[in-house]
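Asks: With the input below, show me the fold.
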Amino acid sequence: MTIFKSLQDADKRWTSKLCITEKPGLLRKTFSFLAHSGDSWFWGIGLACIWQWGNPHWKQWSLTLFISIFITATLVMTLKYAIRRQRPSGNWGNFYRKTDPNSFPSGHAARAGVLLGMILWLGPDWIRVAMLIYSPLMSLARISMGLHYLSDVIAGFGLGLILSIGASMWLTNTDLANYIFSG
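Replies: Prediction:
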């Protein structure tokens, strides 16, 4: 057995242990909500509201997060269509299975990673604490609801964190960032 095959088997085993789609109850309902809460439209609407009604600081903050999410989504979709790993089999989340049948890397986990990284860098303390709790739980929910393998989520979350570091460095060190966010 090759190392790659061993890793795939371990990935499937751990994913199966974390999956709770067939277990009714509060935990399943909570993870179902969390799995949906990472949808890009949800974050887009929330950031648009902050942009619409926020002061200049919050407008800049929401635009920065929106741009980070957009760049992350573009990279994730490119990787998903290049790699074409199928989602784990299951019935929950048919919308995701039909609109995006590829699972690696997890776009929701990448979004959670980039948001966590950007908010740790830019956000107020209360949002930092909330995101430190929310981001890993939402990512775990994608596995628990049977939409991703563990490796999809680890790769996506890691990619998001790396992108947030790059965005932070770019925003800190370029005149272009100052131009975009001035006035």
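Asks: what about the residue lying closest to Arg142 once chain neighbours are set aside, is that helix, strand or coil?
Replies: In this structure, Arg142 finds its nearest non-sequential neighbour in His148, 4.6 Å apart by CB to CB, 6 or more residues apart in numbering. In short, each C-beta sits where N, CA and C put it, glycine included. Under DSSP: H, G, I helix; E, B strand; the rest coil, His148 falls in the coil class.
Asks: Residue ranges in this structure under the pLDDT threshold?
Replies: Along the chain, segments meeting pLDDT under 70 span 1, 92-94, 97, 172-183.
Asks: Now do the helices in it.
Replies: Counting by DSSP state H, one finds helices in the chain at the ranges 3-18, 26-37, 40-53, 56-83, 94-99, 107-122, 125-144, 150-173, 175-181.
Asks: winner for burial among those?
Replies: Comparing those by mean neighbour count (mean count of other CB atoms under 10 Å), helix 107-122 comes out on top with a mean of 25.
Asks: That one packs against which elements?
Replies: For helix 107-122, the packing partners by 3 or more CB pairs under 8 Å, 6 or more residues apart in numbering; DSSP states H and E come out as helix 40-53, helix 56-83, helix 125-144, helix 150-173.
Asks: How far off centre is that helix?
Replies: Relative to its parent chain, helix 107-122 has a centroid offset of 7 Å by CA atoms, centre = their mean, to the nearest Å.
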